[in-house]
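Participant: Return atomic coordinates for the entry below.
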Amino acid sequence: MITNFKELILGNKGAVEAFQTLGNGASIRVIMCDGCDILVSKASGKINVNRFNPSSDRPDLTVSIPYETVQSVFSAGTSNARDFIVNSASILTDKDNIEKISVSAHTGIMKLTMLGYLKAIPIGGSGLIKILSRYGINSITDIKRKLAKLTNR
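Facilitator: Residues are numbered from 1 along each chain as shown. Reported below is the predicted structural model:
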């Protein structure tokens with residue numbers, strides 16, 4: 001399973017470009033409903049996809065998501081970060097998917113900002129802003145408020 005997941009991520013040019021915008025030390029835990037537990041991280045400018053190690057890994061975010069949704073996000077074959085971010089947001093917020101996905105933040109807005117997570121907003125541009133606005137996210141204050149609800153769950 002980890003090999004398939006790694007190939008999905010690294011085989012999508014837009015996903016790689018989007019992950020490259022994150023700072024070294026950024027990490028996202030992905031728990032798929034079939035029991036697969038993965039850590040996607042960036043270190044020394046390189047994207048790493050490994051099994052999650054609960055004794056040593058400290059992710060910034062944890063996403064619980066069905067494998068089928070992960071496949072939809074990464075198999076789209078996007079060619080740049082903007083298209084990947086907008087396409088991902090569209091798939092993740094689809095009415096059939098949104099109820100099946102859980103996100104938890106394990107760090108505050110300052111660290112997330114310093115690691116580059118918020119760069120997704122200007123990269124995603126107006127397409128991402130339109131998707132976020134459907135969920136009441138229209139400003140940095142709204143983002144901070146939403147993140148506070150997700151932190152340390």
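Participant: buried residues in stretch 114-126?
Facilitator: Of all the residues in stretch 114-126, those buried under the rule 16 or more other Cβ atoms under 10 Å are L115, G116, Y117, K119, A120, I123, G124. For every residue, glycine as well, the C-beta is placed using N, CA and C.
Participant: which residues touch that stretch?
Facilitator: 18, 21-23, 25-26, 60-61, 81-82, 85-86, 89, 112, 128-129, 132, 140, 143 (Cβ atoms under 8 Å, 6 or more residues apart in numbering).
Participant: Could you rerun that using 7 Å?
Facilitator: 21-23, 25-26, 60, 81-82, 85-86, 89, 112, 128 (Cβ atoms under 7 Å, 6 or more residues apart in numbering).
Participant: May I have the secondary structure class of the closest residue to F74 other than its chain neighbours?
Facilitator: Once flanking residues are discounted, F74 sits nearest to L8: 3.9 Å by Cβ to Cβ, 6 or more residues apart in numbering. Here L8 takes the helix state, with states given by DSSP: H, G, I helix; E, B strand; the rest coil.
Participant: OK, contacts around L8?
Facilitator: Counting by Cβ under 7 Å, 6+ apart, L8 has contacts V70, Q71, F74, S75.
Participant: next one: L10
Facilitator: V16, I47.
Participant: any weak-confidence spans in the chain?
Facilitator: By pLDDT under 70, the low-scoring segments of the chain are 1, 33-34, 150-153.
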